[in-house]
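Q: Please work out how this folds:
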Amino acid sequence: MENPHTSEKQIKRIVLNRMERCSVCHHGFAADDIRILSRRDDMWMMVVECTECHARNFVAAVLGDGDPSEAQLALRRLSQGFGEEELESTVAAPAGPTEPPVSVHDVVDMHEFLGAFDGDFQRLFRAS
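A: Model (predicted):
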């Protein structure tokens, strides 16, 4: 990958070429199974989730002059605490004993919302 301005569609196609099927149930992956967690000029962090068995794989795409060892470290940090039991646990510390924890899905949903949000809070709050 040489162009640091590679499109999301291109990145997902490259990931799909390398990860065609789920390693657990062998179900084929589709572009919609890939969620972008973070994006920088030199590295994208993603999660690929199987729609059949819900197994998750964290993926780092290193672009241009990105540092592969930095990507490995970022993947290690991301996956720490995300073992089989922890996948549905919190990403952040719980707000309190009566508050439900923030799940991985909550964080990904907020990331996707903010990625498309244009910053118009007045319109956002008028709509609700």
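Q: Name the surrounding residues that touch the host helix or strand of Leu124.
A: Per DSSP states H and E, Leu124 falls inside helix 121-126. Contacting residues not belonging to helix 121-126 are listed as Phe117 [Cβ atoms under 8 Å, 6 or more residues apart in numbering]. C-beta here means a position set from N, CA and C on the backbone, and glycine is covered the same way.
Q: Now do it, average pLDDT.
A: On average, the pLDDT along helix 121-126 is 75.
Q: Just the buried positions in it, please.
A: Residues of helix 121-126 classed as buried: none (neighbour count, 16 or more other Cβ atoms under 10 Å).
Q: how close does the closest residue to Arg39 other than its chain neighbours get to Leu78?
A: Residue nearest to Arg39 in three dimensions, not counting chain neighbours: Met45, with 7.8 Å by Cβ to Cβ, 6 or more residues apart in numbering. Met45 sits 6 Å away from Leu78, going by Cβ to Cβ, to the nearest Å.
Q: on that earlier part again, ok, the residue nearest to Arg39 touching Arg76?
A: No - between Met45 and Arg76 there is no contact under Cβ atoms under 8 Å: 11.8 Å.
Q: Which neighbours do Met45 and Leu78 have in common?
A: Joint contacts of Met45 and Leu78 (Cβ under 8 Å, 6+ apart) are Leu37, Phe58.
Q: about what we covered before: my read is the residue nearest to Arg39 is in a strand, agree?
A: Yes - Met45 forms part of a strand when assessed by DSSP: H, G, I helix; E, B strand; the rest coil.
Q: Let me know the pLDDT of it.
A: pLDDT, Met45: 86.
Q: Who does it form a beta bridge with?
A: Beta-bridge partners of Met45, counted by DSSP bridges, are Ser38, Ala60.
Q: separation between it and Ile36?
A: In this view, Met45 and Ile36 are 8 Å apart by Cβ to Cβ.
Q: again with Phe117
A: For Phe117, the distance to Ile36 - Cβ to Cβ - is 15 Å.
Q: out of these two, which sits in the more crowded spot?
A: Ile36 (18 against 11; other Cβ atoms under 10 Å).
Q: Would you state the secondary structure element containing that one?
A: Assigned by DSSP H and E, Ile36 falls in strand 34-39.
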